[in-house]
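Participant: Quick one, structure for this:
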Amino acid sequence: MDAGLKTAAGQFKIQNWLDWNTDLQIETMGLIMNFGHPRYRDYMISKTADLFDTYDIDGIFLDGTLRWQNSPDYSTYEGLVQYTQEIRKRYPEKMIMGEDGYDAIYGLFDLFHTSAGPLGLENYMLRYTRQFYYLAYPAENGSAGIHEIGWSKDSHTIKNAKPEFTIPSISIFNGDLEKYGAQIKNKLEVYKSWELKPVPIMSKNGD
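Facilitator: Numbers count the residues shown, from 1 in each chain. Okay, the predicted model is just below:
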């Protein structure tokens, strides 16, 4: 419990948004965890190592890396710095990915997925951080997978997605290859020709 992220006033930052189930009601029972907490950070390092050692996966994705508060006990930023440094020391060939994020941590991660399209003034941050499709970005069949925000026609996540600036990715669930094999194949063919398009601030400088 003491690893929960706190506000500047020392109160726990409680989750207060719609998340991860089908009742479409705001959840209020979850704590946001603080990577600055030493025991929690050690736990996450251990869990990450278990995944790499057991399954030899290519990388790890951390949900909620954008969550920051001026917490009076432990720094979320410093915690993420220490976590990524330790993982890179142990597994230099593995990829570390984050959700959304903010400018101070972009350099800590290889990739971010971003809920409102590329971040930063005129997308200039794309010079320094690569971003891939958000989990809720619709699949070829119109599905947003397990992500609840995809059920909303007014979702800012879907409406603001900018594939021309975002590295294509695809999520495949059990049975998708059998049901949507042709669409997946067509999408992968399109992805082969994708290139990062110049953003406005880059074009102005002639880069």
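Participant: how about residue 60, secondary structure?
Facilitator: At residue 60, secondary structure determined by DSSP: H, G, I helix; E, B strand; the rest coil is strand.
Participant: What is the neighbour count of the nearest residue to it once chain neighbours are set aside?
Facilitator: Leaving aside its chain neighbours, residue 60 sits nearest to residue 48 (5.2 Å; criterion: Cβ to Cβ, 6 or more residues apart in numbering). Quick note: C-beta positions are derived from backbone N, CA and C, even for glycine. Here the number of neighbours of residue 48 (other Cβ atoms under 10 Å) works out to 21.
Participant: Please identify which helix or strand holds residue 48.
Facilitator: helix 38-55 (DSSP states H and E).
Participant: buried sites along that helix?
Facilitator: 40-41, 44-45, 48, 52 (16 or more other Cβ atoms under 10 Å).
Participant: Over to stretch 6-14?
Facilitator: So for stretch 6-14, counting by 16+ other Cβ under 10 Å, buried means 6, 13.
Participant: Other residues contacting that stretch?
Facilitator: Residues outside stretch 6-14 that contact it (Cβ atoms under 8 Å, 6 or more residues apart in numbering): 4-5, 28-32, 34, 67, 69-73.
Participant: Check stretch 35-44 too.
Facilitator: 2-3, 33-34, 71, 73-80, 82-83.
Participant: for residue 126, helix, strand, or coil?
Facilitator: Taking three-state DSSP, the label given to residue 126 is helix.
Participant: surely it meets residue 165?
Facilitator: Yes. Counting by Cβ atoms under 8 Å, residue 126 does reach residue 165; the two are 6.2 Å apart.
Participant: Show me which of the two is the more surrounded one.
Facilitator: Neighbours of residue 126 and residue 165, each counted by other Cβ under 10 Å, are more numerous for residue 126; the result is 21 against 16.
Participant: what pLDDT does the more buried one get?
Facilitator: Per-residue pLDDT puts residue 126 at 70.
Participant: what residues are up against residue 2?
Facilitator: residue 37.
Participant: Can you tell me which helix or strand of the protein has the lowest average pLDDT?
Facilitator: helix 200-204 (a mean of 55; mean pLDDT, DSSP states H and E).
Participant: low pLDDT regions in this structure?
Facilitator: Low-confidence segments of the chain, defined by pLDDT under 70: 17-28, 115-125, 127-128, 135-163, 197-207.
Participant: Buried ones from the contacts of stretch 6-14, can you make that a ChimeraX selection?
Facilitator: Burial among the contacts of stretch 6-14 is assessed by 16+ other Cβ under 10 Å; the matching ChimeraX selection reads:
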select :4,5,32,34,67,69,71
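Participant: JSON lines for the contacts of stretch 6-14, including secondary structure and distance to residue 178?
Facilitator: Output for those, formatted as JSON lines (DSSP: H, G, I helix; E, B strand; the rest coil; distance: Cβ to Cβ, whole Å):
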{"residue": "4", "secondary structure": "strand", "distance to residue 178": "42"}
{"residue": "5", "secondary structure": "coil", "distance to residue 178": "42"}
{"residue": "28", "secondary structure": "coil", "distance to residue 178": "39"}
{"residue": "29", "secondary structure": "coil", "distance to residue 178": "37"}
{"residue": "30", "secondary structure": "coil", "distance to residue 178": "35"}
{"residue": "31", "secondary structure": "strand", "distance to residue 178": "39"}
{"residue": "32", "secondary structure": "coil", "distance to residue 178": "38"}
{"residue": "34", "secondary structure": "coil", "distance to residue 178": "42"}
{"residue": "67", "secondary structure": "coil", "distance to residue 178": "38"}
{"residue": "69", "secondary structure": "coil", "distance to residue 178": "45"}
{"residue": "70", "secondary structure": "coil", "distance to residue 178": "50"}
{"residue": "71", "secondary structure": "coil", "distance to residue 178": "47"}
{"residue": "72", "secondary structure": "coil", "distance to residue 178": "53"}
{"residue": "73", "secondary structure": "coil", "distance to residue 178": "50"}
